[in-house]
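[1] Generate coordinates for the sequence data below:
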Amino acid sequence: MFGQQIETYNWPANPGEAFLSDKYKVTLEHNGNVIESQVIMSHAKDNEIPDFARQFRGGRTFNWTMFSCDFKAPVTITVEKLFGVGSADVEIFPSPYNITGALSEENKKVTFTLESQKYVSVNFKSTDNKHTSDGVVKHMLMIFAEPLQTGVPSKTGAGVHVYSENSTIPELAAATTIYFPQGYHDLRAQFGGNKVGNMGEVIGSGKQIYFEGGAYVHGRIYNPNASDVKIFGRGVFTGRDFKWARRLEFNGGTLGVDSYHQQEAHIGISGTNNTIEGIIVCDGAGHGVNMGNGSATYRHVKFWAWHPNNDGFRPWGANNKVENCFIRACDDALYNKGLTVTNTIFWQGFNGAIVCLGWDGKYHTENTLLTDNFILYPEWRNIGNNNGIVMSQIDYDMKGTNVIIRNLHVDGNIPALVNLHTNSGKEDANDYNLPADFTGVAGFVKGVSLNNVTVTGKQLRFQGTGFTQSQTPLKSLIRGAELTNGDIYYIEDVFFTNVFINGVCIDESNKDQFFTIDDKTTKNIKFFGCRPTHVSGDMGMDHASGGYLYPNPSNGVVFIKNISENSTIEVFNIQGMRVHKTEGTCFDASDLPVGIYVVRVDDKRVLKFFKSL
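    Take a look at the predicted model:
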């Protein structure tokens, strides 16, 4: 291990600062030495969990540690459970990582190795670590093993302002880089009163905000119209003391003092080409991290929160990327807006979907690819109106199109693979009138494809207000709407290939066991069974496809950068069928139907392409 570099972080732990965990201890073996990696703990906001999810109250915690390493050699990690009894059954997930730990004699320590940057959960499956009878984890633990940082700003560099409680708003506004050093910082020192800790007014285009490892910052960044902003580092941006506006009568908060509108984001920036990288954003009181209106990048970001309205990442526009992240949302984790999502772990709370095609509103959603991702211990209790892996809640004049999910592994039970329908509020009110205030024509949901999806558990409903949960089978839903004017809102072109639930491959012969499909309002719903000849993600997806295909989207000739003139180009539709083959550095898409396609180059590079009108 000669020359290996590893960084751990010293978190501020005085009263009112970061909470050191009393649930777990983590040590790392490095160059023959054993060093501690501090474990920090977030407490569930029990008084903000609504009655319909009351079974999730009762003192749950989210525990985590973070370190950075060059991984020139494997890192040996030991996790010690500090509470209750030991367990002979310890899970280290995602399960496809195939990490096996060695247990101590008393079953309260587990030791394992990581050979590369990974995020893993460790679950001692003892009775005192089960919050419900079906195995919801009471005291969650994540280990965030990061790559070493690059591009760290100097505290004495030109334009760098090192934050302190004495910093002034003009100083922060004038800086090109705001540097949060190790320690606890509360932005309400500068942005108090009705600003509720919001430093958005000092964020302009080109600004950098750096969180040093060990920096624990309480505040938010909301509503600057800025582009080329970079938020990065190894620190924490918490909203722990903010109160959810929809539960003020229970949490004691006051709007405009320690609470803000529930649809305001913890980090919410307009503009384009904004980046967030490496930090933790947690425990907020509204939406999560919204990095702008196109070409947003999320890389190595860790997010968690506790109640509805805690959406995850919600950039708008096109060419948005989410890479190597962790998302524990308690509402919709992602919106279908030009996203490419790779190697990301979702630990979904009791509410919301992984991918949302939209709610009742005046907008369309489109063009998302998820590949090589994981869901751990999903906590859904029912299909509800917005739960499941892919969900739509959109109005009759809206469109939700082109979602591909490939190579997704789910460790646990789900309520539904898809929960595709129109807005439930209007359905419940028996209102099937086409609105006249947006497009004025019936929309549709079209082009949803699940390929190579494995769910280790079942599709289930759980019922019970406390620890004991009864379970009954559930089915995924695909249902459009018959409108009053005679139009049909269709759900169409929905495809399932190599999809397994509880070890069973879903195909045309057994689909009725797993799905409720309304024949009148759906078209072209296909189950292709399990065919290994389909295109799969193990051929090396080039996640930065926008940088290689141009123009993209296109309705004509498409060029591919950085390939040879005799390259073989194959184009596949979302059913996995090859629809075009040629040689060279471009292909003609003019004859292809509108939709999402996968382009394979020389049997190894795989790119995402959108055919436009």
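
[2] Now do the strands in the stretch 101-250 of the chain.
    Assigned strands in the stretch 101-250 of the chain, in chain order: 102-103, 109-114, 118-124, 139-147, 160-162, 177-180, 183-186, 208-211, 215-218, 221-225, 230-233, 236-238, 243-244 (criterion: DSSP state E, counting those that start in this stretch).

[3] avg pLDDT for the first one?
    Mean pLDDT, strand 102-103: 98.

[4] same deal with the third one?
    Mean pLDDT, strand 118-124: 98.

[5] quick check: angle from it to strand 109-114?
    Interaxial angle of strand 118-124 relative to strand 109-114 (axes from the mean of the first three to the mean of the last three C-alpha atoms, to 10 degrees): 160 degrees.

[6] go on, the longest one?
    An angle of 30 degrees separates the directions of strand 139-147 and strand 109-114 when computed by the same axes, to 10 degrees.

[7] Partner strands of strand 139-147, with direction?
    Paired neighbours of strand 139-147 in the sheet (DSSP bridges): strand 61-69 (parallel), strand 118-124 (antiparallel).

[8] all helices of this structure, in order?
    Secondary structure of the chain (DSSP state H): helices located at 169-174, 248-251, 424-428, 511-514.

[9] Let me have the ones you listed in CSV, adding mean neighbour count, distance to Lys561 and mean pLDDT as columns.
    Heads up, the C-betas are built off the backbone N, CA and C, glycines and all. Shown next, in CSV, are the helices of the chain (neighbours: other C-beta atoms under 10 Å; distance: least, C-beta to C-beta, whole Å; pLDDT from 0 to 100):
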stretch, mean neighbour count, distance to Lys561, mean pLDDT
helix 169-174, 14, 39, 98
helix 248-251, 14, 52, 97
helix 424-428, 14, 44, 95
helix 511-514, 15, 41, 98
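
[10] okay, those in a markdown table with distance to Cys282 next?
    Converted to a markdown table, the helices of the chain look like this (distance: least, C-beta to C-beta, whole Å):
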| stretch | distance to Cys282 |
| --- | --- |
| helix 169-174 | 22 |
| helix 248-251 | 17 |
| helix 424-428 | 30 |
| helix 511-514 | 35 |
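
[11] and the strands of the stretch 101-250 of the chain, which is most packed in?
    strand 236-238 (a mean of 27; mean count of other C-beta atoms under 10 Å).

[12] Leu434: which of the strands of the stretch 101-250 of the chain is closest?
    Closest approach to Leu434 among the strands of the stretch 101-250 of the chain (C-beta to C-beta): strand 221-225, 33.2 Å.

[13] what sits up against that closest one?
    Residues outside strand 221-225 that contact it (C-beta atoms under 8 Å, 6 or more residues apart in numbering): 198-201, 203-204, 209, 231, 260, 264-271.

[14] Now do it: distance to the chain's middle.
    Distance, stretch centre to chain centre, for strand 221-225: 21 Å (C-alpha atoms, centre = their mean, to the nearest Å).

[15] mean confidence score for that strand?
    Computed over strand 221-225, the mean pLDDT rounds to 95.

[16] What strands line up against that strand, and which way round?
    strand 265-270 (parallel).

[17] With only the CA atoms kept, save the strand it pairs with in PDB.
    Extracted in PDB, the C-alpha atoms of strand 265-270 (Å, rounded to 0.1, in the frame of the first residue of the first chain):
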ATOM      1  CA  ALA A 265     -35.500  23.900  -3.000                       C
ATOM      2  CA  HIS A 266     -32.600  23.400  -0.500                       C
ATOM      3  CA  ILE A 267     -30.400  24.300  -3.500                       C
ATOM      4  CA  GLY A 268     -32.300  25.900  -6.400                       C
ATOM      5  CA  ILE A 269     -30.500  27.700  -9.200                       C
ATOM      6  CA  SER A 270     -31.700  28.900 -12.600                       C
END
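
[18] what sits up against it?
    Defining contact as C-beta under 8 Å, 6+ apart, one finds that strand 265-270 is touched by 200, 203, 220-226, 229, 231, 237, 239, 276, 281, 284-293, 314.

[19] Are any of the residues you listed buried, and if so which?
    200, 203, 220-224, 226, 229, 231, 237, 239, 276, 281, 284-293, 314 (16 or more other C-beta atoms under 10 Å).

[20] give the contact list for the closest residue to Tyr163 other than its chain neighbours.
    With sequence-adjacent residues excluded and distances taken as C-beta to C-beta, 6 or more residues apart in numbering, Tyr163 is closest to Phe180, at 5.0 Å. Phe180 sits next to Tyr163, Ile209, Tyr210, Phe211, Glu212, Ala215, Val217, Gly233, Gly235 when contact means C-beta under 8 Å, 6+ apart.

[21] next one: His43
    Applying C-beta under 8 Å, 6+ apart to His43 gives the contacts Phe19, Gly59, Arg60, Thr61.

[22] mind putting the strands paired with strand 139-147 in CSV, distance to Glu91 included?
    Shown next, in CSV, are the strands paired with strand 139-147 (distance: least, C-beta to C-beta, whole Å):
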stretch, distance to Glu91
strand 61-69, 15
strand 118-124, 4
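
[23] Which of the contacts of strand 221-225 are buried? Put it as a ChimeraX command.
    A single ChimeraX command selects the buried members of the contacts of strand 221-225 (16+ other C-beta under 10 Å):
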select :198,199,200,201,203,204,209,231,260,264,265,266,267,268,269,270,271
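
[24] Distance of Asp283 relative to Tyr216?
    11 Å (C-beta to C-beta, to the nearest Å).

[25] Give me the neighbour count for Lys604.
    9 (other C-beta atoms under 10 Å).

[26] what are the phi and psi values for it?
    Dihedral angles of Lys604 (phi, psi; degrees, to the nearest 10) stand at phi -140, psi -40.

[27] measure it to Ser567 for me?
    10 Å.

[28] Same question for Asp360.
    Between Asp360 and Ser567 the distance is 46 Å, computed by C-beta to C-beta.

[29] which residues of this structure score low on pLDDT?
    Along the chain, the model assigns pLDDT under 70 to residues 1-3, 531-548, 612-613.

[30] Surely Thr401 touches Lys446?
    Yes - Thr401 is in contact with Lys446 according to C-beta atoms under 8 Å; the separation is 5.0 Å.
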